[in-house]
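S.K.: model this:
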Amino acid sequence: MRKIFILFQLLFSLLFNLKASPVDSISTVYKNGEFRTFYETKIKASNKILSDVTDYLVSDFHNSPGNLFNWALKDLGLQNKKNELIFVFKSSDHDLKTGITHGKFDIIVPNITTFSNIKVDAIVSKKNYTNGDSKVTADIIYSSLLLKNALGTVTIIPQKNNEQLIITNVSIKFGWFFNIFITKKRYKSIVEWRIKKFSENMKNECLQRQQAELNKSALLTVKSQ
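M.R.: Below is the predicted model of the structure:
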């Protein structure tokens, strides 16, 4: 009975301490045909957990992009026919020599048109800094029709009390058709919320992994009593 009580106490305290900071912010500016979105959030998790999750993100993008829809891209509405813009993932191939991932997908603009086999080439990489910061960069270097160029970064900055700051920065210039179709109002309903949701998915993955580690430690503590 005493062990059960200790376990309950530990799990309760761990769950309480894993609450993410409620202070999130997102903003978008439009200038010279370019949308720039900045999203910032904090999470109570170890730097190692964040590092593992960003490694997982890069690895999945290179080797198993379809798996991203199970976590990083989960519930982004990419396949939802109710959206104004529907993305249908078709294939992906990562070139180890060049570091370029070649992707192919369809874009459906409901009741207007469908663009088939859109090709996108991207370089996704991660860099760790000596001060503990890390950054994942996704650079779209070629896109047929959809984009002129796009660059996204996710930066992890360690804070005090085992807290991490996650900064997501995305810059997008659309191709001629989508530059007309995606107004500033549509950008918020098509792109901006997805950037926020992606960051929240990253945060949830970190929390789940952190909780799994803490649960494991709690069980080992109980067993040692």
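S.K.: quick one: the strands in this protein?
M.R.: 25-31, 34-44, 86-94, 100-109, 113-128, 134-143, 147-158, 163-174 (DSSP state E).
S.K.: so which elements touch the second one?
M.R.: Strand 34-44 is packed against strand 25-31, strand 163-174, helix 193-223, with contacts defined by 3 or more C-beta pairs under 8 Å, 6 or more residues apart in numbering; DSSP states H and E. The C-beta positions use only the backbone N, C-alpha and C, and glycine is treated the same way.
S.K.: what about the residue lying closest to Lys119 once chain neighbours are set aside, distance to Ala138?
M.R.: Nearest residue to Lys119 in three dimensions, chain neighbours excluded: Ser144, at 4.8 Å (C-beta to C-beta, 6 or more residues apart in numbering). Distance, Ser144 to Ala138, using C-beta to C-beta, to the nearest Å: 18 Å.
S.K.: need the per-residue pLDDT for Val23.
M.R.: We have a pLDDT of 59 for Val23.
S.K.: can you check the one 10 residues further on too?
M.R.: At Gly33 the predicted local confidence, pLDDT, stands at 90.
S.K.: wait, what's in contact with the residue positioned nearest the centre of the chain?
M.R.: Residue closest to the mean C-alpha point of the chain, counted by C-alpha atoms, centre = their mean, is Phe198 at 3.9 Å. If you count contacts by C-beta atoms under 8 Å, 6 or more residues apart in numbering, Phe198 has them with Ala72, Leu73, Leu76, Thr168.
S.K.: now the third one: how far from Ile141?
M.R.: Right, the one you point to is Leu76. 23 Å.
S.K.: those two: which is more packed in?
M.R.: Leu76 (18 against 12; other C-beta atoms under 10 Å).
S.K.: how about the more buried one, nearest residue that isn't a chain neighbour?
M.R.: Using C-beta to C-beta, 6+ apart, the closest residue to Leu76 is Arg194 (4.9 Å).
S.K.: local confidence estimate at the one you found?
M.R.: 88.
S.K.: does it touch Ala72 like I think?
M.R.: No. Judged on C-beta atoms under 8 Å, Arg194 makes no contact with Ala72 at a distance of 11.2 Å.
S.K.: for this protein, give me the ranges with low pLDDT.
M.R.: 1-23, 77-84, 222-225 (pLDDT under 70).
S.K.: now render the strands of the chain as TSV, adding distance to Leu220.
M.R.: Below are the strands of the chain laid out as TSV (distance: least, C-beta to C-beta, whole Å):
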stretch	distance to Leu220
strand 25-31	38
strand 34-44	21
strand 86-94	38
strand 100-109	40
strand 113-128	29
strand 134-143	29
strand 147-158	26
strand 163-174	25
